[in-house]
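*Asks:* build the 3D model from these lines:
(one chain, ligands or ions: 1)
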Amino acid sequence: MTLLVNRLRVERAGRIVLRDISFEARAGRILVVMGPNGAGKTTLLDAVAGLLRTVRGSVLFAGEALHALKPAALAARRAVMTQHFDCPFAYAVEDVVALGRLCHAGTPRAARDGAALAAALAAADIGPLARRPITTLSGGERQRVAFAKAVAQLFDRAATGEPHLLILDEPVASLDPEHQHRLLQQARLLAAGGATVVVTLHDLTLASIYGDDVLVLDRGHLAAGGAMAETLTADLIRRVFKVRIGTALQESGAGIVHAVAQADEEAA
Ligand SMILES: Nc1ncnc2c1ncn2[C@@H]1O[C@H](COP(=O)(O)OP(=O)(O)OP(=O)(O)O)[C@@H](O)[C@H]1O
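*Replies:* Below you'll find the predicted structure:
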C-alpha cells in the first residue's frame, strides 16, 4: 500500500526545517531517505509517522491520514524504530520487545503475542539475549532490540497482508557489518511480505545495495527522488554530500557506490 506525502512543510522552533516535500513510497519496496546531518531526515520520518503536530501538507497511508488515527489504530499500522532508543529500566530484553505488542492488548491479535515475540527475536538475532536486563546490553545490541520491538508490533499485519508501514531511523548506525546486513536483509524480507519500508541511512554502499528508491534531502529541500539506480548519481553525491565516489559491482551484477574521498573542491 502506498504512502503518499504531499507538500509537507514542518517548522521547528519557528524555523522551517522541511519545505514542499512530496513523494510516494510503495509496499514491497525500501525507500531510503538520505542527506547530510541536519538535512531533515528524522523530522521527515517523525512527520510521516504522525509524531509531529506542527505539520502542513498531507500524509496518507493506504488512503488514511495517519495523524488522525487513535494511538492503538496508528500503532497497529505503523512501527517506528527511532534513532536513539533509551530504556532506563532494567527490563528483560524480551519484555522490552513485548512492548511492541501493547497496541494489540485486548484484541484477538493478542493471541499471536508469543509467535510475534519469537519471530522478532529471531529477526533481530537477539534470542540469546532475551533474558538479559536491557541496561546491560551494548549500544548495538540495544539497537537490535529496538528493531525487534518494531517487528513484533507489525507481526499481525505482515501475516494478514493488511497495509503496514515500517519506519527505521538510522537502524544500523551502531551495528557491526554482519548485523548491518542482517538487519537490512530482514527489512527486505518484510518489504517482500508487503510492508512499506522507509529507512534513513548515511552509508552510501548500504543504501545502494538495499534501497529500491531514494529521497535525498538537502537543508530541508528535496534535492532528488526516484529509483535508486537512476537517482543516486556521482554528480548528486558530490553536490549534496561533498564526497567523491567509486563504483563496484555486486556478485549479482548490480552496481554499488562507495565514498572514496572528500570532493575535490572541498579538499582544496
Ligand atoms: N526539536 C527541535 N527543535 C528545533 N530544531 C530542531 C529540532 N529537532 C531538529 N531540529 C533542527 O531541524 C533540522 C533537521 O533536523 P533532523 O534531526 O531532522 O536532521 P537529520 O537529517 O535527521 O540529521 P542527522 O543526520 O544529524 O540525524 C536541524 O537543523 C535541526 O537542528
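*Asks:* rest of the way, CA atoms for contacts and neighbours
*Replies:* Will do.
*Asks:* ok, now which ones touch residue 5?
*Replies:* 21-24, 48, 57-60 (Cα atoms under 8 Å, 6 or more residues apart in numbering).
*Asks:* how about a cut-off of 6 Å?
*Replies:* 22-23, 58-59 (Cα atoms under 6 Å, 6 or more residues apart in numbering).
*Asks:* pLDDT and secondary structure added to those, as TSV?
*Replies:* What follows is the contacts of residue 5, written out as TSV (pLDDT from 0 to 100; DSSP: H, G, I helix; E, B strand; the rest coil):
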residue	pLDDT	secondary structure
22	97	strand
23	97	strand
58	91	strand
59	92	strand
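*Asks:* and those, which two are furthest apart?
*Replies:* 23 and 58 (10.8 Å; Cα to Cα).
*Asks:* if we can go back for a sec, buried only: go through the contacts of residue 5 for me.
*Replies:* Among those, those classed as buried by 16 or more other Cα atoms under 10 Å are 22, 58-59.
*Asks:* quick check: residues of this protein near the ligand?
*Replies:* 12-13, 17, 35-43 (Cα under 6 Å from any ligand atom).
*Asks:* just the C-alphas of the longest helix seen in the chain, formatted as CSV.
*Replies:* Longest helix of the chain, by residue count under DSSP state H: helix 139-160. Provided in CSV are the C-alpha atoms of helix 139-160 (Å, rounded to 0.1, in the frame of the first residue of the first chain):
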residue,chain,number,x,y,z
GLY,A,139,24.7,0.1,22.1
GLY,A,140,24.5,-2.2,19.0
GLU,A,141,22.6,-4.9,21.0
ARG,A,142,20.1,-2.3,22.2
GLN,A,143,19.6,-1.1,18.6
ARG,A,144,18.7,-4.6,17.6
VAL,A,145,16.2,-4.8,20.5
ALA,A,146,14.6,-1.6,19.1
PHE,A,147,14.3,-3.3,15.7
ALA,A,148,12.8,-6.4,17.2
LYS,A,149,10.1,-4.3,19.0
ALA,A,150,9.1,-2.8,15.7
VAL,A,151,8.9,-6.2,14.0
ALA,A,152,6.8,-7.5,16.9
GLN,A,153,4.4,-4.6,16.6
LEU,A,154,3.7,-5.2,12.9
PHE,A,155,3.7,-9.0,13.0
ASP,A,156,0.0,-9.3,12.6
ARG,A,157,-0.3,-7.0,9.6
ALA,A,158,2.5,-8.9,7.9
ALA,A,159,0.6,-12.1,8.5
THR,A,160,-2.7,-10.9,7.2
